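Asks: Predicted model and sequence follow; I will ask about them next.
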Amino acid sequence: MESRPLDALNKSRGKRVIVELKNNKQYIGTLQAFDIHINVVLDDAEERANGELIRKIGTVFVRGDTITVIFAA
Amino acid sequence: MESRPLDALNKSRGKRVIVELKNNKQYIGTLQAFDIHINVVLDDAEERANGELIRKIGTVFVRGDTITVIFAA
Amino acid sequence: MESRPLDALNKSRGKRVIVELKNNKQYIGTLQAFDIHINVVLDDAEERANGELIRKIGTVFVRGDTITVIFAA
Amino acid sequence: MESRPLDALNKSRGKRVIVELKNNKQYIGTLQAFDIHINVVLDDAEERANGELIRKIGTVFVRGDTITVIFAA
Amino acid sequence: MESRPLDALNKSRGKRVIVELKNNKQYIGTLQAFDIHINVVLDDAEERANGELIRKIGTVFVRGDTITVIFAA
Amino acid sequence: MESRPLDALNKSRGKRVIVELKNNKQYIGTLQAFDIHINVVLDDAEERANGELIRKIGTVFVRGDTITVIFAA
Amino acid sequence: MESRPLDALNKSRGKRVIVELKNNKQYIGTLQAFDIHINVVLDDAEERANGELIRKIGTVFVRGDTITVIFAA
């Protein structure tokens, strides 16, 4: 069992995740990278708002302090 | 008696907790991990808003600075 | 006379206090622990909004950056 | 003449001050303690909103990051 | 020519300045002190909102993180 | 595969990117520079709101803490 | 080519720039000084809201954390 949140997040590398933001937007993509600020990079990402697809945006950098939750897609 | 808040939080590891966010969403799950920023990982989690189940989301990473309170489910 | 705010807060350990949050919720409970971030743990706590009891929640961890004021219940 | 803001604040120790918060509440009390985060403790305090007395609350701890201004009552 | 913002601010010591806050209030007074957080102390200050005098408040401590701009009165 | 978010961002240097802000404005330009705070400089930039061109602004410095996401234009 | 955002900003010293704030106000003036927090000092400045001149304010100190973008006037 992992005892640290970033270890748990590390297990999602290479997998599809949903990243939710404080402004209620969602970014769904393959978790490529993250750091201690929870800055995140997703590949093959798409943006959604209220569950609806807004656009496909390829690779996206998400600034950590705008993120609320991250979970498996 | 614990004298530090994180010691108290540590006693909830492996137990069901409710994590409330500044945006009024709640995440209920088994507390797997947390760190000094209060970044939290919950297993077998579900998201609720105003007490109603929104969706089951498995393992979820919650960024600490979005959290207001954590208590036993 | 204490010259530091945390010393004053320390005198409330084991006593009933009211913790008010930026979102206008109140948590009333026995002050068990706090740290330099003003993260707080209350025992035998209840949540109130606008003075009305919302629910009893036992032990609660309150993240410091959501707190506005703490005073004796 | 003091050249540092905290020196000026220190001159108000033991005197009645008004502490205004970002949420527009005011706390009026005797300045007992403060620290570099501007966490403040007031004795014999009362809470006001829009200039009207809400309640008397004795000693109150005010978290620094919620404060906008402090001046003599 | 000064190359650092705090050097420029230092030239206003002892002069009348206007300090504007994120909540749109203005404090006009004689700049007595400031620090690297831009915590500011004004003497002979008055509070204004939307350009109108609200009240005279003598010496006022303004917490830096609530300030947007400072300029000569 | 890059394991750090800033490495991924670095691959976009010299390319057209879209920088979205918390206030919903977008800046589209050639990524010239960024730092660990995610302060960003774009060349040949234009500002958009809700997808519509507001104005062309040449080189623009965007303060990191206002940014939500960055992706290829 | 500069690789750091502050180097790019440094090239605007002595030139007219537009500084936009989170509260949608704009300050247009000659960039005299800035620091790593992006605290900025402008000379011969004027304040605008929604593109309209509000007032001329001479030299102005703008606190960094209120700034969204800076670009040539």
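Replies: Perfect, I can see it now.
Asks: Quick one, grab the pLDDT at A:Y27.
Replies: Here, the pLDDT recorded for A:Y27 equals 97.
Asks: Partner strands of the helix or strand where it lies and their direction?
Replies: Applying DSSP states H and E as the criterion places A:Y27 in strand A:25-34. Based on DSSP bridges, the pairing partners of strand A:25-34 within the sheet are strand A:16-21 (antiparallel), strand A:40-49 (antiparallel).
Asks: could those go into a markdown table alongside distance to G:T30 and mean pLDDT?
Replies: For the C-beta atoms, the positions are set from N, CA and C on the backbone; glycine is no exception. Formatted as a markdown table, those follow (distance: least, CB to CB, whole Å; pLDDT from 0 to 100):
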| stretch | distance to G:T30 | mean pLDDT |
| --- | --- | --- |
| strand A:16-21 | 37 | 97 |
| strand A:40-49 | 38 | 96 |
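Asks: Please identify which of the ones you listed is closest to B:E47.
Replies: Shortest distance between B:E47 and these, using CB to CB, is found for strand A:16-21: 9.4 Å.
Asks: buried stuff in the closest one?
Replies: The neighbour-count check on strand A:16-21 (16 or more other CB atoms under 10 Å in any protein chain shown) flags A:17-21 as buried.
Asks: Apart from its neighbours in sequence, what residue is nearest A:L42?
Replies: Once flanking residues are discounted, A:L42 sits nearest to A:G29: 2.9 Å by CB to CB, 6 or more residues apart in numbering or on different chains.
Asks: How many neighbouring residues does the one you found have?
Replies: A:G29 is surrounded by 24 other residues when neighbours are defined as other CB atoms under 10 Å in any protein chain shown.
Asks: Same check on A:S3?
Replies: Other residues near A:S3 come to 13 when the count uses other CB under 10 Å.
Asks: how much space between the residue lying closest to it once chain neighbours are set aside and chain G?
Replies: Take A:S3 and drop its neighbours on the chain: the residue closest to it by CB to CB, 6+ apart is B:A33, 5.5 Å away. In this structure, B:A33 and chain G are separated by 31 Å, where distance is defined by CB to the nearest CB, to the nearest Å.
Asks: wait, B:A33 sits on A:P5?
Replies: Yes: the pair B:A33 / A:P5 is scored as a contact, 4.9 Å apart, by CB atoms under 8 Å.
Asks: thinking again about what came up before, around the residue nearest to A:S3, how many other residues sit close by?
Replies: The number of residues near B:A33, taken as other CB under 10 Å, comes to 20.
Asks: For it, give the beta-bridge partners.
Replies: Applying DSSP bridges to B:A33 yields these beta-bridge partners: B:V41.
Asks: so is A:I57 in a helix, a strand, or just coil?
Replies: State at A:I57, reduced to three classes by DSSP: H, G, I helix; E, B strand; the rest coil: strand.
Asks: In this structure it contacts A:E47, no?
Replies: Yes: proximity of A:I57 to A:E47 meets the contact threshold set by CB under 8 Å, at 5.8 Å.
Asks: shared neighbours, the two?
Replies: Residues touching both A:I57 and A:E47 (CB atoms under 8 Å, 6 or more residues apart in numbering or on different chains): A:Y27.
Asks: Could I get the contacting residues of the residue minimising distance to the centre of chain A?
Replies: Taking CA atoms, centre = their mean as the criterion, A:V19 is the residue nearest the geometric centre of chain A, at 3.4 Å. Neighbour list for A:V19: A:26-29, A:40, A:42, A:62, A:67, A:69-70 [criterion: CB under 8 Å, 6+ apart].
Asks: ok, is stretch A:65-73 in contact with chain D or not?
Replies: No: contact of stretch A:65-73 with chain D (CB under 8 Å from any CB of the partner chain) is absent, the minimum separation being 15.4 Å.
Asks: Pull out the buried positions in that stretch.
Replies: For stretch A:65-73, by 16+ other CB under 10 Å, it's A:65-71.
Asks: and of those residues, the nearest to F:E52?
Replies: Within the buried residues of stretch A:65-73, distances to F:E52 taken as CB to CB reach their minimum at A:T66, with 22.9 Å.
Asks: Wait, that closest one touches F:T66, no?
Replies: No: because the distance of 9.9 Å does not satisfy CB under 8 Å, A:T66 is recorded as not touching F:T66.
Asks: any common contacting residues for the two?
Replies: For the pair A:T66 and F:T66, residues contacting each of them under the criterion CB under 8 Å, 6+ apart are F:K22.
Asks: Going by distance to G:S12, which of the contacts of A:V19 wins?
Replies: For the contacts of A:V19, with G:S12 as the reference and CB to CB as the criterion, the closest is A:V62, at 28.8 Å.
Asks: Roughly how far does the closest one sit from A:I36?
Replies: Applying CB to CB, to the nearest Å, one obtains 15 Å for the distance of A:V62 from A:I36.
Asks: Which one's more surrounded, those two?
Replies: A:V62 (27 against 10).
Asks: Can you check my assumption that A:L9 lies in a strand?
Replies: No: residue assignment for A:L9, taken from three-state DSSP, gives helix, which places it outside any strand.
Asks: just checking, it touches A:A33?
Replies: No: judged on CB under 8 Å, A:L9 makes no contact with A:A33 at a distance of 10.7 Å.
Asks: Now do the same for A:T59: its pLDDT.
Replies: What the model reports for A:T59 is a pLDDT of 97.
Asks: Same question for the one 3 residues further on.
Replies: In the prediction, the pLDDT value recorded for A:V62 is 98.
Asks: gap between the residue nearest to it when sequence neighbours are not counted and B:F61?
Replies: By the measure of CB to CB, 6+ apart, the closest residue to A:V62 outside its immediate chain neighbours is A:V40, 4.5 Å from it. Plainly put, A:V40 is 10 Å away from B:F61 if you go by CB to CB.
Asks: for the contacts of A:V19, which one is nearest chain F?
Replies: A:V62 (5.2 Å; CB to the nearest CB).
Asks: any idea how far the closest one lies from D:I67?
Replies: Separation of A:V62 from D:I67 (CB to CB) stands at 32 Å.
Asks: do A:I67 as well
Replies: Going from A:I67 to D:I67 by CB to CB gives 28 Å.
Asks: before we move on, what about A:T66?
Replies: Noted for A:T66: a distance of 26 Å to D:I67, by CB to CB.
Asks: Look up the closest residue to A:S12, ignoring the ones flanking it.
Replies: Ranked by CB to CB, 6+ apart and with sequence neighbours excluded, the top spatial neighbour of A:S12 is A:L31, at 4.9 Å.
Asks: Quick check, that neighbour in contact with A:V40.
Replies: Yes: with contact defined as CB under 8 Å, A:L31 reaches A:V40; the gap is 7.0 Å.
Asks: So these two - more neighbours on which side?
Replies: The neighbour comparison of A:L31 against A:V40 (other CB under 10 Å) goes to A:V40, with 27 against 22.
Asks: Distance check, the residue nearest to A:V62 against chain B.
Replies: 10 Å.
Asks: residues touching that residue, list them.
Replies: Contacts were defined as CB under 8 Å, 6+ apart; by that measure A:V40 touches A:19, A:31, A:33-34, A:61-62, A:64, A:67, A:70, F:5.
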